[in-house]
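Visitor: with the sequence up front, the predicted model follows.
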Amino acid sequence: MSEQELKALRVRIDSLDEKVLELISERARCAQEVARVKMAELPAGEVPVFYRPEREAAVLKRVMERNRGPLSNEEMARLFREIMSSCLALEQPLKVAYLGPEGTFTQAAALKHFGHAVISKPMAAIDEVFREVAAGAVNFGVVPVENSTEGAVNHTLDSFLEHDMVICGEVELRIHHHLLVGENTKTDSISRIYSHAQSLAQCRKWLDAHYPNVERVAVASNAEAAKRVKGEWNSAAIAGDMAAGLYGLTRIAEKIEDRPDNSTRFLMIGNQEVPPTGDDKTSIIVSMSNKPGALHELLVPFHENGIDLTRIETRPSRSGKWTYVFFIDFVGHHRDPLIKAVLEQISQEAVALKVLGSYPKAVL
Ligand SMILES: O=C(O)C(=O)C[C@]1(C(=O)O)C=C[C@@H](O)C=C1
C-alpha cells in the first residue's frame with residue numbers, strides 16, 4: 001500500500017470519527033432527555049428508576065440482529081454496552097458492589113454487564129455484597145452463583161436465604177486461569193501456589209501433573225492470591241487476566257483450567273423488579289416438607305407445562321421454616337400467565353415459595 005493510499009484512508013477515518021462522535025453525543029443528549037421525562041412522570045415521593053435492564057437487553061439484541069459485519073455481533077454489542085453505560089452515567093452514575101478485591105472475575109463480570117462507566121466498590125465477602133445492597137449504599141451487587149466445573153457457590157445461595165434481594169440480571173464469563181509469578185519469584189523453587197479454593201479445584205489435574213508436590217494454599221480470592229505473590233520469591237498464584245495486569249505479574253503457564261469450557265455465572269442483585277422482555281429467566285427458592293416424593297411433586301408442574309428448567313440446587317435450611325430448600329431457575333417471567341399458574345400450583349404444595357426475580361437472559 002502506498003503512503004498516498006494510507007493518507008487518503010486516514011482522512012476518511014477522521015471524517016467518519018467526526019460523524020460517530022456527533023452521533024454518540026446526540027445519543028447522550030437523548031439519554032439526558034429520557035432522564036428528564038422519567039423524573040417528570042414521577043408521582044410525588046417516588047424515586048426515579050434510571051437503569052432499565054429490559055431496555056438495555058433489547059438495545060443490545062437489536063444491535064446484534066442488525067449488525068452486518070465485519071465486526072462480530074459480540075464485539076459490536078460490547079461497544080454499544082459501553083456507550084449505554086456512559087449514557088446511563090449521565091442520567092445517574094450507578095454504584096455497584098462486587099466480590100473483591102479489585103481484579104477478581106466478579107469485577108470483570110460487573111464491568112461486562114454494566115459497562116465501565118459505573119462506580120464499582122470491592123467487598124471482602126459475598127455476604128457483604130448483599131449487605132451493602134440491602135443497606136442502600138449501592139444500587140446493585142454482583143456475586144458468583146455457579147461454575148461449570150465446580151458447581152454452586154454456596155455462600156451466594158445461603159445469602160439469598162438471609163436477605164430479601166431481587167435478581168435483576170445474569171452474566172456468564174469464560175474463566176481462564178494462568179500460573180502467575182512476580183518479578184522476584186525464582187520459578188524453579190516454587191513451593192507454594194495461592195488461589196481461591198474453587199480455582200485450585202478447577203486446575204486440579206494440571207497442578208497434579210505439573211506441581212504435584214507444591215503446597216496449594218486457598219485464599220479469599222484470586223486477586224488476593226496475586227497480591228500475595230508480588231512480594232514473595234518462592235510462590236506463584238493462579239488467577240486471571242485482570243489480576244495479572246493489576247499486580248504486574250508474569251504468566252508462566254496460560255489457560256491451565258482442566259476444562260476448556262470452564263465458565264462462571266454471576267447474578268446482579270438489587271431491589272428493582274425487571275419487566276418481561278419475552279426472553280427471560282426466573283429464579284425461585286422453594287421449601288418442601290420433608291416427605292418422600294417432595295421433589296417429584298415440585299417438578300411435575302414444570303414438566304406438565306413444558307417449562308424449561310435450567311438449574312436446580314439443594315441447600316440445607318437455615319431456619320425451621322425452610323426445611324428443605326431448592327433453588328430453581330427456569331425460562332420465563334413470573335408475570336407470564338403460564339408461569340404464574342405454575343407458581344400458584346407449586347405454592348399449594350410448598351412450605352414456602354419466594355420469587356428471587358425475573359430478568360433478561362444474558363445477551364453478552
Ligand atoms: O431507555 C431508557 O430508559 C434510558 O435510560 C436510555 C438507556 C440508553 O442509553 O439506551 C440508558 C440507560 C438505561 O438503562 C436504558 C437505556
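Guide: In hand now; what should we look at?
Visitor: Ser189: neighbour count?
Guide: Close neighbours of Ser189, defined as other CB atoms under 10 Å, add up to 9. (Each C-beta comes from the backbone N, C-alpha and C, glycine too.)
Visitor: shouldn't it be in contact with Ser235?
Guide: No. Counting by CB atoms under 8 Å, Ser189 sits too far from Ser235 to count as a contact (9.8 Å).
Visitor: for the stretch 1-150 of the chain, what spans make up the helices?
Guide: For the stretch 1-150 of the chain, the helices defined by DSSP state H, counting those that start in this stretch occupy 3-40, 53-66, 73-91, 105-114, 126-134.
Visitor: can you tell me the SS state at the closest residue to Leu200 other than its chain neighbours?
Guide: Nearest-residue entry for Leu200: Arg216, 5.1 Å, with adjacent residues in sequence omitted and distances by CB to CB, 6 or more residues apart in numbering. Three-state assignment for Arg216 (DSSP: H, G, I helix; E, B strand; the rest coil): strand.
Visitor: for Arg216, what are its contacts?
Guide: Taking CB atoms under 8 Å, 6 or more residues apart in numbering, we find Arg216 in contact with Arg192, Ile193, Ser195, Leu200, Leu207.
Visitor: does Gly169 really touch Lys112, like I thought?
Guide: No. Counting by CB under 8 Å, Lys112 is not a contact partner of Gly169; they are 10.7 Å apart.
Visitor: the two: which is more packed in?
Guide: Gly169 (26 against 19).
Visitor: what's the burial count for Ala236?
Guide: Ala236 - counted by other CB under 10 Å - has 28 other residues nearby.
Visitor: same question for Ile24.
Guide: 13.
Visitor: wait, it touches Ile83, no?
Guide: Yes. Between Ile24 and Ile83 there is a contact under CB under 8 Å: 6.1 Å.
Visitor: how about the helices in the stretch 201-350 of the chain?
Guide: With DSSP H, counting those that start in this stretch, the ranges of helices along the stretch 201-350 of the chain come out as 204-210, 222-230, 241-246, 294-304, 337-349.
Visitor: tell me the most buried of these?
Guide: Of the helices of the stretch 201-350 of the chain, the one with the most neighbours on average (mean count of other CB atoms under 10 Å) is helix 222-230, at a mean of 25.
Visitor: what helices or strands is that helix leaning on?
Guide: Contacts defined by 3 or more CB pairs under 8 Å, 6 or more residues apart in numbering; DSSP states H and E place helix 222-230 against strand 178-181, strand 192-196, strand 235-239, helix 241-246.
Visitor: now these in JSON lines, with distance to Ala77 and mean pLDDT?
Guide: Shown next, in JSON lines, are those (distance: least, CB to CB, whole Å; pLDDT from 0 to 100):
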{"stretch": "strand 178-181", "distance to Ala77": "26", "mean pLDDT": "97"}
{"stretch": "strand 192-196", "distance to Ala77": "29", "mean pLDDT": "96"}
{"stretch": "strand 235-239", "distance to Ala77": "27", "mean pLDDT": "96"}
{"stretch": "helix 241-246", "distance to Ala77": "20", "mean pLDDT": "92"}
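Visitor: show me which residues of this protein sit near the ligand.
Guide: Within the chain, the positions near the ligand by CB under 6 Å from any ligand atom are Ala31, Val34, Phe50, Tyr51, Arg52, Arg55, Glu56, Val59, Met84, Cys87, Leu88, Glu91.
Visitor: any idea how far the residue nearest to Arg174 when sequence neighbours are not counted lies from Pro122?
Guide: Spatial nearest neighbour of Arg174, excluding adjacent residues (CB to CB, 6+ apart): Ser263 at 5.0 Å. From Ser263 across to Pro122, the span is 22 Å (CB to CB, to the nearest Å).
Visitor: any buried residues in stretch 279-290, and which?
Guide: Residues Asp280, Lys281, Thr282, Ser283, Ile284, Ile285, Val286, Ser287, Met288 are the ones in stretch 279-290 that count as buried (16 or more other CB atoms under 10 Å).
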